[in-house]
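Trainee: this one's structure only:
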């Protein structure tokens, strides 16, 4: 029987999963829908996926959240409240900006949302890893994914219906700002304290801040140096060729990270330096990093432009995509999350990662079938009007059968794979540096989701949607192979 303390911890993890998932779609699927409806071209939509870059760099400032404690609020809870208040503010700002009239300002607001969202994720991931006992990680991961998917249903699905009913995406984003404000109050007043979390590293605070600034200077210097080198070779960062633009982005990242790491070591950003040393001392560290990048890669390709594919490529309405992707899919998402948690009580971590990874790969063929066979291939059914208070459907709606099948397969299998993946990441963390370790690992996991977006936009235009979804399935295979190759190492970390 579950004790009240365990129930409280799992409920807190469920709530924080919701808080983590809510802003992600607001710079992802919901933003794609907003841009699609406003007439922005598909390649530009793909490149605007780069506003999520903070998700891949969050490990750079995560050490500050491990090292410093906000006054009066506590170490984990304090950073949660601050980041959630920040999210509420920038979402309210984004609601007032037009992506057509002021595209640069819109992109800046979206980057700000991604920054505060990534920072919130740093704290949530550290809190979840610290608060859960090892035997609770499988079920806790499932609860976290469940909450995360519920939030995606709200911000990535119901939001589309609200936008069509209200005729304003700005109003939708203002509502989301209000939800994040409420989340900050809940975090402050109800979350259980983390008694097992290690104390911050006993280092000089001033030197830590100086080290962080030096690291930041190194990152910026590397990024600009790469840009200047490419320009010196005669390339134009504003070239109409999207592949040239992508080259500038990737070259900047490749130069920025090593120079930033060198500066951090040289000046003495000790929380970052010691946390990285701690991680890389464990056996198979580099192989685990490769596994993390590859495991969700196929899923990232298939999902990177799924909303744009359904609205622009297949000509489904915003309301139909919202209903199928989220409203109906909620029951299948709940089923997938519960099933994953139940199975992970019986399966080893390796078995869960492998089996759920295969299912993720197979789900990509649902979108392939939709692209090849088209609307109406599997018939349709009528969804009767409903009114749930927070969302309503005024008239009967025809729902495409193949669309429903493709979305259902993707939602369930992606949720199951993520539950196992989160358990893997928690097992790889050293509790003295939880925020930094988890931020590093989850940032690598986000590499696929963020950087495949511009590639996906160009690739889908070049080879067409059917070939694109076959490619996404092929991209999932290396991650499954890595799980099999590392089965002994995975069995070892699941015992920690």
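Mentor: Arrived safely, thanks for sending. These numbers were taken from a predicted model, which means no experiment stands behind them.
Trainee: Hmm, residue 68 is touching residue 203, no?
Mentor: No: between residue 68 and residue 203 there is no contact under C-beta atoms under 8 Å: 10.8 Å. C-beta here means a position set from N, CA and C on the backbone, and glycine is covered the same way.
Trainee: any idea where the strands of this protein begin and end?
Mentor: 380-383, 386-387, 392-393, 397-400 (DSSP state E).
Trainee: Can you list the helices and strands that the first one packs against?
Mentor: For strand 380-383, the contact count by 3 or more C-beta pairs under 8 Å, 6 or more residues apart in numbering; DSSP states H and E identifies strand 397-400 as packing neighbours.
Trainee: Any buried residues in stretch 126-139, and which?
Mentor: Going by neighbour count (16 or more other C-beta atoms under 10 Å), the buried part of stretch 126-139 is 126, 127, 128, 129, 130, 131, 132, 136, 137, 138, 139.
Trainee: can you tell me which of the residues you listed are in helices?
Mentor: By the criterion of DSSP state H, membership of the buried residues of stretch 126-139 in helices covers 126, 127, 128, 129, 130, 131, 137, 138, 139.
Trainee: Make a markdown table out of the residues you listed and add pLDDT and distance to residue 372.
Mentor: Conversion of those to a markdown table gives the following (pLDDT from 0 to 100; distance: C-beta to C-beta, whole Å):
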| residue | pLDDT | distance to residue 372 |
| --- | --- | --- |
| 126 | 87 | 44 |
| 127 | 88 | 44 |
| 128 | 88 | 40 |
| 129 | 84 | 42 |
| 130 | 83 | 47 |
| 131 | 83 | 46 |
| 137 | 80 | 40 |
| 138 | 79 | 37 |
| 139 | 83 | 39 |
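Trainee: Looking at residue 153 now. What's its pLDDT?
Mentor: Reading off the confidence values, residue 153 has pLDDT 77.
Trainee: Check residue 73 too.
Mentor: 75.
Trainee: Listing request: residues of the stretch 151-300 of the chain with sub-threshold pLDDT.
Mentor: Low-confidence segments of the stretch 151-300 of the chain, defined by pLDDT under 70: 195-200, 242.
Trainee: can you pull out the helices in it?
Mentor: With helices called from DSSP state H, counting those that start in this stretch, the stretch 151-300 of the chain shows them at 159-166, 169-190, 205-232, 242-267, 270-280, 285-295, 297-304.
Trainee: on that earlier part again, shared neighbours of residue 68 and residue 203, anything?
Mentor: Residues touching both residue 68 and residue 203 (C-beta atoms under 8 Å, 6 or more residues apart in numbering): there are none.
Trainee: Can you report how many residues lie near residue 268?
Mentor: Neighbourhood size, residue 268 [other C-beta atoms under 10 Å]: 15.
Trainee: nope, residue 28 is what I was after
Mentor: Burial of residue 28 is recorded as 25 neighbouring residues (other C-beta under 10 Å).
Trainee: From residue 101, how far out is it?
Mentor: Distance from residue 28 to residue 101, counting by C-beta to C-beta, to the nearest Å: 22 Å.
Trainee: try residue 17
Mentor: Counting by C-beta to C-beta, the gap from residue 17 to residue 101 is 36 Å.
Trainee: Give me the more crowded residue out of those two.
Mentor: Comparing residue 17 with residue 101 by neighbour count (other C-beta under 10 Å), the higher total belongs to residue 17, at 26 against 9.
Trainee: Distance-wise, check residue 67 relative to residue 336.
Mentor: For residue 67, the distance to residue 336 equals 37 Å [C-beta to C-beta].
Trainee: between those two, which one's more packed in?
Mentor: Neighbours around residue 67 and residue 336, counted as other C-beta under 10 Å, are more numerous at residue 336. The numbers are 28 against 24.
Trainee: Please name the residues that touch that one.
Mentor: Residue 336 sits next to 411, 412, 413, 415, 416 when contact means C-beta under 8 Å, 6+ apart.
Trainee: can you tell me which of those are in helices?
Mentor: Within the contacts of residue 336, residues falling in helices by DSSP H are 411, 412, 413, 415, 416.
Trainee: okay if I get these as a markdown table plus pLDDT, neighbour count and distance to residue 3?
Mentor: Below are those laid out as a markdown table (pLDDT from 0 to 100; neighbours: other C-beta atoms under 10 Å; distance: C-beta to C-beta, whole Å):
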| residue | pLDDT | neighbour count | distance to residue 3 |
| --- | --- | --- | --- |
| 411 | 81 | 26 | 32 |
| 412 | 86 | 23 | 30 |
| 413 | 88 | 23 | 32 |
| 415 | 78 | 26 | 27 |
| 416 | 86 | 27 | 27 |
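Trainee: Can you tell me which of the strands of the chain has the worst average pLDDT?
Mentor: The minimum mean pLDDT among these belongs to strand 392-393 (a mean of 64).
Trainee: Give me the mean pLDDT for stretch 417-429.
Mentor: In this model, stretch 417-429 has an average pLDDT of 86.
Trainee: what do you get for stretch 346-365?
Mentor: Regarding stretch 346-365, the rounded mean pLDDT is 91.
Trainee: let's number from 196 now, not from 1
Mentor: Okay, residue one is now 196; in that scheme the one you just asked about reads as stretch 541-560.
Trainee: Now residue 658. Nearest residue, chain neighbours left out?
Mentor: With sequence-adjacent residues excluded and distances taken as C-beta to C-beta, 6 or more residues apart in numbering, residue 658 is closest to residue 666, at 7.4 Å.
Trainee: contacting residues around the one you found?
Mentor: The contact partners of residue 666, taken as C-beta under 8 Å, 6+ apart, are 496, 654, 658.
Trainee: ok, how many other residues are close to the second one?
Mentor: Applying other C-beta under 10 Å, we find 20 other residues in the vicinity of residue 654.
Trainee: correct me, but it touches residue 660?
Mentor: No: Residue 654 is beyond contact range of residue 660, at 10.2 Å (criterion: C-beta under 8 Å).
Trainee: wait, doesn't residue 277 sit right on residue 265?
Mentor: Yes: Residue 277 sits in contact with residue 265 when judged by C-beta under 8 Å, with a separation of 6.1 Å.
Trainee: So the two - more neighbours on which side?
Mentor: More crowded of residue 277 and residue 265, by other C-beta under 10 Å: residue 277, with 19 against 15.
Trainee: list the contacts for the more buried one?
Mentor: Contacts of residue 277 (C-beta under 8 Å, 6+ apart): 265, 268.
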